[in-house]
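Q: Sequence plus the predicted model coming up.
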Amino acid sequence: MKKLLFLLLALPTAAFASESAVHLDHAPVNLNDHESLQRGARVFVNYCLSCHSAGYMRYNRMQDIGLSEAQIKDNLLYAADKPGELMHVAMRTADAKAWFGAPPPDLSVITRSRGADWVYTYLRGFYRDDTRPTGWNNTVFDKVGMPHVLHELQGQMAPVYHTMQGEDGKTHQAIEHFELIKPGKLTLAEYDALVGDLVNYLDWMGEPAKGARMTTGIFVLLFLGVFFIIAFYLKKDYWKGLH
């Protein structure tokens, strides 16, 4: 029983250690950049919403990032009839499991679950791998079942390996960097910017009120700081006759 308890407690630590070994690039998240959020929303609807739902998000909530209801209807409302509907997909769970091996996860809170840096690195970590059923693999998520849906934009990347020695003393091949073997519609810098906008939107979607909450928090702290000074001198004046 003690051994089982030890193993259960060690599992989260082991999982964290395995993920922390992967270098994660910093995601350019700026929840106050509404233009970036709007571009990210467009990328999400056009490329992600075909397979991944965002079941905790309504289309009309995007009015918070500066879009009008008319703009949402004309440019983003492809999988629903009304702006007040949730962002579901038409793909059946059984079909998704048959095609991809597992249903694509809901992306409503993906950055809160994985972290914005993880998602940003993941979307830029696809490379050609003919041993995989989809023809793609990923440096962050090894043997991933998801194909690289943005490859027409990024192009095709091939890994360049180098030999390194592990902790067990054995040598193995590790990816050193990527090289572009087939250009896409965008340059690599433009693709990184597009993914940055997408991750920015995903981070906002995970908690749309986060920006307002942080702004309110700053004002509350400033108020408490000023009030502390006033309260201190009031207390000092009130008790001066007793000291």
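A: Received the coordinates, thanks. Numbering: from 1, shown residues only.

Q: quick one: low-confidence ranges for this structure?
A: Along the chain, the model assigns pLDDT under 70 to residues 1-21, 241-243.

Q: Tell me the helices and strands packed up against the lengthiest helix in it.
A: Using DSSP state H, we find that the single longest helix of the chain is helix 210-238. Using 3 or more Cβ pairs under 8 Å, 6 or more residues apart in numbering; DSSP states H and E as the contact test, no helix or strand touches helix 210-238. Where you see a C-beta, it was placed from the backbone N, CA and C, and this is true even at glycine.

Q: SS state for residue 32?
A: coil (DSSP: H, G, I helix; E, B strand; the rest coil).

Q: For the closest residue to it other than its chain neighbours, give me its contacts.
A: Nearest residue to residue 32, sequence neighbours excluded (Cβ to Cβ, 6 or more residues apart in numbering): residue 211, at 6.2 Å. Neighbouring residues of residue 211 by Cβ atoms under 8 Å, 6 or more residues apart in numbering: 31-32, 204.

Q: what does residue 51 give?
A: Applying Cβ under 8 Å, 6+ apart, we find residue 51 in contact with 89, 91, 96, 100, 104, 149.

Q: Neighbouring strands of the longest strand along the chain in the sheet, and parallel or not?
A: In the chain, with assignment by DSSP state E, the single longest strand is strand 171-183. According to DSSP bridges, strand 171-183 forms sheet pairs with strand 155-165 (antiparallel).

Q: Tell me the gap between the strand it pairs with and the middle of its chain.
A: Here strand 155-165 shows a centroid-to-chain-centroid distance of 24 Å under the convention Cα atoms, centre = their mean, to the nearest Å.

Q: Can you give the contact residues for that strand?
A: Here strand 155-165 has contacts from 126-128, 139, 171-184, 188, 191, using Cβ under 8 Å, 6+ apart.

Q: roughly how far apart are residue 185 and residue 194?
A: To residue 194, residue 185 is 10 Å away according to Cβ to Cβ, to the nearest Å.

Q: neighbour count winner among those two?
A: Set side by side, residue 185 and residue 194 show more neighbours around residue 194, with 20 against 11, by other Cβ atoms under 10 Å.

Q: Buried residues, the stretch of helix or strand that one belongs to. List them.
A: Using DSSP states H and E, residue 194 falls within helix 188-206. Buried positions in helix 188-206, judged by neighbour count with 16 or more other Cβ atoms under 10 Å: 191-192, 194-206.

Q: Summarise which helices and strands that helix is packed against.
A: helix 34-43, helix 110-114, helix 116-123, helix 151-154.

Q: Strand 171-183 and that one, what's the angle between them?
A: In terms of direction (axes from the mean of the first three to the mean of the last three Cα atoms, to 10 degrees), helix 188-206 departs from strand 171-183 by 100 degrees.

Q: nearest spatial neighbour of residue 140, skipping sequence neighbours?
A: Going by Cβ to Cβ, 6+ apart, residue 140 has residue 122 as its nearest residue, at 4.4 Å.
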